[in-house]
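**Q** Whatever this is, show me its structure:
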Amino acid sequence: MNNKTLSILSYITIIGWIVAFVKSKDLTPKSDLVRYHLKQGFGIFLVSLLVNIALSVTVMVAPPLYFLSYVGYIILILWIFGIINAANEQKKPIPVIGKIFEDKFSFID
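**A** Residues are numbered from 1 along each chain as shown. Predicted structure coming up:
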């Protein structure tokens with residue numbers, strides 16, 4: 001797989017991220033692009049997991065706040081931005097939350 005494919009794959013569920021992570025270890029010249037998008041993809045996965053857990057608990061405790069579940073659409077839009085950046089082979093952070101993950105997750109390096 002080439003760098004562009006691995007970058008895109010790093011956003012497609014956690015299984016896709018694991019495949020991209022394992023395949024990136026096999027690349028002879030290590031790709032900064034793939035590492036960057038692995039970090040961004042893992043970060044958005046963690047954010048979506050935490051937001052979904054928090055929203056589930058909130059709606060369970062206070063059902064009238066069901067409208068907060070629309071926050072999931074915002075995460076979907078951020079995820080799409082990440083895929084577009086990976087497809088264009090740009091090392092550009094995901095809006096709003098992407099800068100947080102640029103220097104995190106040292107196990108990916």
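
**Q** Tell me how far the host helix or strand of I18 lies from the chain's centre.
**A** I18 belongs to helix 13-25 when assigned by DSSP states H and E. Distance of helix 13-25 from its chain centroid, counting by CA atoms, centre = their mean, to the nearest Å, is 12 Å.

**Q** Can you point out the buried residues in that helix?
**A** Residues 17, 19-21, 24 are the ones in helix 13-25 that count as buried (16 or more other CB atoms under 10 Å). For glycine as for every other residue, the C-beta is placed from the backbone atoms N, C-alpha and C.

**Q** Now for S69: which residues touch it?
**A** Residues in contact with S69 (CB atoms under 8 Å, 6 or more residues apart in numbering) are 55, 59.

**Q** could you redo the last one with a cut-off of 6 Å?
**A** Shown in contact with S69 (CB atoms under 6 Å, 6 or more residues apart in numbering): L55.

**Q** How about the most centrally placed residue in the chain, nearest residue that isn't a chain neighbour?
**A** For the chain, the residue nearest the mean C-alpha position is G41 (2.3 Å; CA atoms, centre = their mean). In space, and not counting its chain neighbours, G41 is closest to S10: 3.8 Å by CB to CB, 6 or more residues apart in numbering.

**Q** how near is the one you found to Q90?
**A** 14 Å (CB to CB, to the nearest Å).

**Q** that older thread, could you pull up the mean pLDDT of the next helix or strand after the helix holding I18?
**A** Of the helices and strands lying after helix 13-25 in sequence (DSSP H and E), the nearest is helix 32-61. Helix 32-61 shows a mean pLDDT of 91.

**Q** got it, and stretch 79-99?
**A** Here stretch 79-99 scores 90 as its mean pLDDT.

**Q** tell me the least confident of the buried residues of helix 13-25?
**A** Here the lowest pLDDT out of the buried residues of helix 13-25 sits on S24, with 86.
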